[in-house]
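Student: Predicted coordinates and the sequence they were generated for:
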Amino acid sequence: MIKKLAIDDLRPGMEVVQMSSSLWEHLPNLYTQPGPIKSEAHLKLMREQGYQHAFVEVEVPGEPLEKRLDAILADRMKDAPIKERVPFDKEIEVADRAYKSAMNHAHRLINDAKMGRKVDFEGTVETVDGIVNSAVRNPDTLLCLSKLAQYDDYTYGHCINVSAIAVVFGEFLGLSRDELTRLGVAGMMHDLGKTAVPERIINKRARLSSAEFEEIKRHPQYGYDILKRQGDVPEDVLEAVRDHHEKFNGKGYPANRHRSDTSALARIISLADVYDALTSDRSYKDAILPNKALAIMYGMRDQAFDPLEVQLFIKCLGIFPSGSLVKLSTGFYGVVYESNPNLPLMPKIKIILDQDLRPIPSELVDLAARQAVGDENLEILECADPTDYRINLKPYLTRTR
Ligand SMILES: [Fe+2]
C-alpha cells in the first residue's frame, strides 16, 4: 500500500515510489526520488535538505483480509461494540470538506482517464484518506452526505458515494486503516473503465441492444486494464475494480466469478455500488428510499450477495440510514442523524418540520434514550421522500440549530 509518511516515520529499507503526477513535483517538502531509503545517513541527508514527507510502499501487517473475514463476519453479527465517536455536529463540516475535495479529485480522475492520461493514484490515496478519517471519527456524517450532497453529475457523485459507503461498511467490519484506504481507492476508481465505453452507449436513454449491453459489461475489465497499465496500483485494488459486478452465484460480469473467486474488497464495493445506484436519482429513474433499497438488496441475497454480508451491510446502515427523512408518531418529521446499530428502530433524529410540513426550530431527539426513561410515545412511523415535499435536507444537518 502506498502511503504518504512524515520524515520521522520513514525507516531505512522503505521504498520511495515513482510518482505518477507532476503535481507533486511542485510540493517542495516532498521527497520524490524513487528507490529504497538506504540508511539512517540517507534519512539524515533528506532531513537536512528540508524534506518533510515521502510516498512509500508500506507493508500491511497481519493476516490477509480474506483469511480473517469469516471471523470478522461472525463477530459483527453480535451486538456492535459502542465506539467513541466525534459528535455529528463537530464532524459534519469536516466530512463535507472531504466530500468537496473528493468531488474535485473525481473530476480530474475521470477526465484524465477519458483523455488517456495516467490517473493520479497518489492523489486518490490522499483524497480517500480524508474520507477514511471521517469514517473513523463519525461514519454517519458520510452516509448523510452520500444521500444529501448535491452533484452536478451522477458519474462523479457516484464514485465518491461508493468510496464513502464502502469505507463506512469496512470500518464497521473493523478493517485496518490500510485496508480502508485500499477499499476507498477501489471505490473511487471502480467505474473508470466506463471512460473506455463509447459515450453514445453510456448516455443512451433508449433500451440497449444486446451488443451495446455486452460492451457495457466490459467496463470492469477495461478499468482493470487502464489501471494495470499505470504500474502503481496495487493488485487487490485492481481486482476489486475488475470484480465489482460479479455476483455471489457466479452470474455477474465480466467473468462469471463466484463468491469464492472474488475478494472481500470487490464484494464490499459491489454492495456500496448497488445501494448508491438504487438510492440515487438518474435520468431514467427516481431514487428509491434507503430502507426500501436495503429491502431490495436483502431480496438479492444468495444471488447477487453473500447472505451474511448483505445482512451486515443492512445492520451497518440501519433500518433508517442516516440522512433519511422520517415521519414520527406525533405527525412531525425528522431527519435521521445518527444510526443505532444495536437498536436500529431507534436512531437519533433531528425533528425539523411540523405535521403541516412547516419548518420548526430543530430539536435533536435520541429515541433510544427516550425509551430508556420510559417514554415510548415517540417512534418512527415510516420513511418519507424529501423530493415529494421538495425539501432540501442538507442545511438541516450542517447547522446545529
Ligand atoms: Fe460498474
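Tutor: It's in. What you see is a predicted model; the values in this text were computed from it and never measured. Numbers count the residues shown, from 1 in each chain.
Student: How far does stretch 241-252 stretch from one end to the other?
Tutor: By CA to CA, to the nearest Å, the extent of stretch 241-252 from end to end equals 14 Å.
Student: Could you give the average pLDDT over it?
Tutor: The average pLDDT for stretch 241-252 rounds to 97.
Student: same deal with stretch 301-312?
Tutor: Averaged across stretch 301-312, pLDDT comes to 94.
Student: Next, report how far that stretch is displaced from the centre of its chain.
Tutor: Relative to the centre of its chain, stretch 301-312 is centred 18 Å away, using CA atoms, centre = their mean, to the nearest Å.
Student: in that stretch, what counts as buried?
Tutor: Neighbour-count burial for stretch 301-312, counted by 16 or more other CB atoms under 10 Å, picks out R301, A304, F305, D306, E309, V310, Q311, L312. Glycine gets a C-beta too; all of them are placed from N, C-alpha and C.
Student: Follow the chain on from the helix or strand containing L227 and name the next helix or strand.
Tutor: Assessed by DSSP states H and E, L227 sits inside helix 219-230. The helix or strand immediately downstream of helix 219-230 is helix 235-242, counting by DSSP H and E.
Student: and the angle for that following helix with helix 219-230?
Tutor: 150 degrees (axes from the mean of the first three to the mean of the last three CA atoms, to 10 degrees).
Student: on that earlier part again, among the buried residues of stretch 301-312, which pair sits farthest apart?
Tutor: Using CB to CB, the buried residues of stretch 301-312 reach their maximum pairwise distance at A304 and L312, which is 14.9 Å.
Student: partners of the longest strand seen in the chain in the sheet?
Tutor: The longest strand of the chain (DSSP state E) is strand 359-366. Partner strands and pairing direction for strand 359-366 (DSSP bridges) are strand 348-353 (antiparallel).
Student: Helix, strand or coil: sort out G116 for me.
Tutor: At G116 the chain is in coil, as set by DSSP: H, G, I helix; E, B strand; the rest coil.
Student: Quick check: bridge partners of the closest residue to I349 other than its chain neighbours?
Tutor: In space, and not counting its chain neighbours, I349 is closest to G334: 3.8 Å by CB to CB, 6 or more residues apart in numbering. According to DSSP bridges, the partner residues bridging G334 are V326, I351.
Student: tell me the contacts of G334?
Tutor: G334 sits next to L325, V326, L328, I349, K350, I351, I352, L353, V365 when contact means CB atoms under 8 Å, 6 or more residues apart in numbering.
Student: mind redoing it with 10 Å?
Tutor: Listed by CB atoms under 10 Å, 6 or more residues apart in numbering, the contact set of G334 reads 320, 324-328, 347-353, 362-365, 367, 378, 380, 384, 396.
Student: again, but for L148
Tutor: Applying CB under 10 Å, 6+ apart, the residues near L148 are D96, S322, G323, V335, P386, N392, L393, K394, P395, Y396, L397, T398.
Student: Number of residues surrounding P220?
Tutor: P220: 25 surrounding residues under other CB atoms under 10 Å.
Student: Correction: the previous question concerned L45.
Tutor: L45 - counted by other CB under 10 Å - has 12 other residues nearby.
Student: Let me know the pLDDT of it.
Tutor: Per-residue pLDDT puts L45 at 91.
Student: ok, and it, which helix or strand is that part of?
Tutor: helix 40-48.
Student: what comes up buried for the following helix or strand past that helix?
Tutor: Moving toward the C-terminus from helix 40-48, the next helix or strand (DSSP H and E) is strand 53-57. For strand 53-57, a neighbour-count test (16+ other CB under 10 Å) marks H53, A54, F55, V56 as buried.
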